[in-house]
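Chemist: Pasted the sequence and its predicted model underneath.
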Amino acid sequence: MVKLRKMKLFLNHFFEEFAMSILYTPTTLGPMVLQNRLVMAPMTRSRAPGNIPNALMAEYYAQRGTAGLIITEGTSSSPNGLGYPRIPGIFSAAQIEGWRAISDAVHGKGAKIFMQLMHCGRISHSLNMSVGSRVIAPSAVAAAGEMYTDAYGLKPFPVPDAMNGDDIRVAIIEYANAARNAVAAGFDGVELHAANGYLLEQFIRPNSNLRTDSYGGSLENRARFVLEVVDAVTGAIGRDRVGIRLSPFGVFNDMPLYDQIEEEYAWLAKQLNDAAPVYLHLVDHSSMGAPVVPESMKATFRHTFKGALILSGGYDAQRAESDLASGKCDLVAFGRSFIANPDLVKRWKSGAPLNAPDMGTFYSPGPKGYIDYPVLL
Ligand SMILES: Cc1cc2nc3c(=O)[nH]c(=O)nc-3n(C[C@H](O)[C@H](O)[C@H](O)COP(=O)(O)O)c2cc1C
């Protein structure tokens, strides 16, 4: 009897362990093997003076190299795409060299690494750009709000130049070149940032795209730019190396909701399934006060898009386990918890408490609040 009870306890424990282990078990992403299903979400940290990645950044990313996949901070594909102070680029030889040290350091810890390609479009300011660069967007409509500049603090968002046909062609070529540069720098792939109010989303959304040519008006036209970028980038480096991030129901950076938003993003999901990047990454910033992304929207993406689905926003380990177990997604991305806990995987596995993130150092220059969060011994 006692033996039977002991056996039962052992089996319960075994199955509990097994049920809790999805997050930490290795998996695949296209042809790649990931050491677990934890993704470090892309996060701008503004630690790249001169827009060139450096040794401090290599240390930061390597510290977090026990993730399955790291997606870097938004990285500009073009001098015109720089928006915030001290964000890195991937359009010069020095930047490729700087990023190579980072991909090497991360691979040394076992994680794969994708570079997030972020063209800021109108979410920018000339004070944060090099001489000769231009703030460009689908239409000459300034975003409501202000941009931080190192030189003069907060400044209203400028009215961008509406992109002409050549600007559009050049921007697409720049995305493809940036993707090639990322691969040359040793990256496993790139994530196209089509979320959170930056250039690609500025084309998709009707408030920031007032064009009357083939890139504006109907949804098919508004989505043309992003789909052409996806084609150019997958053509340049291969589908297995390209992911895309979207924020249906996102309102960040002056992107108001509108009536047809759910059906428009459902249509986009179909187009992206045809374009077949290796993953689609959905943002839900409701834990940060943004509107909730309805479950129906997430389910539509899950059913329509046959590649890997990453969900993100306000996750802890338990909710991640549950969404993975119920098949809602293949991978889960964690943002702020990875900022504050370089050893997040170890902490969650061992049940240790987490460090709290310090918002005051999210974007400040230097090592404080960047590489000095305590780790378990
Ligand atoms: C400091 C900071 C910087 C961020 N920068 C980016 C970025 O460059 N690109 C992006 O797609 N999302 C960015 N995000 C959003 C995160 O990727 C993530 O979606 C968000 O933090 C919600 O996830 P969490 O609740 O796990 O933190 C940023 C978030 C934070 C806190």
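Modeler: Great, that's in hand.
Chemist: For residue 72, list the residues it contacts.
Modeler: Each residue near residue 72 by Cβ atoms under 8 Å, 6 or more residues apart in numbering is listed here: 42, 61, 102, 113-116. (Glycine included, C-beta is placed from N, CA and C.)
Chemist: restrict the residues you listed to those near the ligand?
Modeler: Restricting the contacts of residue 72 to those touching the ligand (Cβ under 6 Å from any ligand atom) yields 42, 116.
Chemist: could I get the contacts of residue 72 as a markdown table with neighbour count, secondary structure and distance to residue 228?
Modeler: As requested, these are exported to a markdown table (neighbours: other Cβ atoms under 10 Å; DSSP: H, G, I helix; E, B strand; the rest coil; distance: Cβ to Cβ, whole Å):
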| residue | neighbour count | secondary structure | distance to residue 228 |
| --- | --- | --- | --- |
| 42 | 26 | coil | 22 |
| 61 | 25 | helix | 30 |
| 102 | 26 | helix | 29 |
| 113 | 26 | strand | 26 |
| 114 | 26 | strand | 21 |
| 115 | 30 | strand | 20 |
| 116 | 22 | strand | 19 |
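Chemist: Looking at the contacts of residue 72, which is nearest the ligand?
Modeler: residue 42 (3.8 Å; Cβ to the nearest ligand atom).
Chemist: Tell me the spacing between the closest one and residue 61.
Modeler: 12 Å (Cβ to Cβ, to the nearest Å).
Chemist: Now pLDDT too, for the contacts of residue 72, in a markdown table please.
Modeler: Compiled in a markdown table, these are given as follows (pLDDT from 0 to 100):
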| residue | pLDDT |
| --- | --- |
| 42 | 98 |
| 61 | 99 |
| 102 | 98 |
| 113 | 99 |
| 114 | 99 |
| 115 | 99 |
| 116 | 99 |
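Chemist: Now do stretch 233-253, average pLDDT.
Modeler: Taken as a whole, stretch 233-253 has a mean pLDDT of 98.
Chemist: again but with stretch 317-324, I slipped
Modeler: 97.
Chemist: What are the contacting residues of it?
Modeler: So stretch 317-324 is contacted by 19-20, 22-23, 37-38, 311, 315, 329-330, 332, 334, 348 (Cβ under 8 Å, 6+ apart).
Chemist: Can you tell me which of these are buried?
Modeler: 22-23, 37-38, 311, 315, 329-330, 332, 334, 348 (16 or more other Cβ atoms under 10 Å).
Chemist: List the contacts of the closest residue to the ligand within the stretch 201-350 of the chain.
Modeler: Residue nearest to the ligand within the stretch 201-350 of the chain: residue 335 (2.7 Å; Cβ to the nearest ligand atom). By Cβ under 8 Å, 6+ apart, the residues touching residue 335 are 40-41, 43, 312-313.
Chemist: follow-up on the earlier one: including secondary structure and distance to residue 295, could the buried ones among the contacts of stretch 317-324 go into CSV?
Modeler: Shown next, in CSV, are these (DSSP: H, G, I helix; E, B strand; the rest coil; distance: Cβ to Cβ, whole Å):
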residue, secondary structure, distance to residue 295
22, helix, 20
23, helix, 21
37, coil, 20
38, strand, 22
311, strand, 11
315, coil, 15
329, coil, 12
330, coil, 17
332, strand, 16
334, strand, 20
348, helix, 25
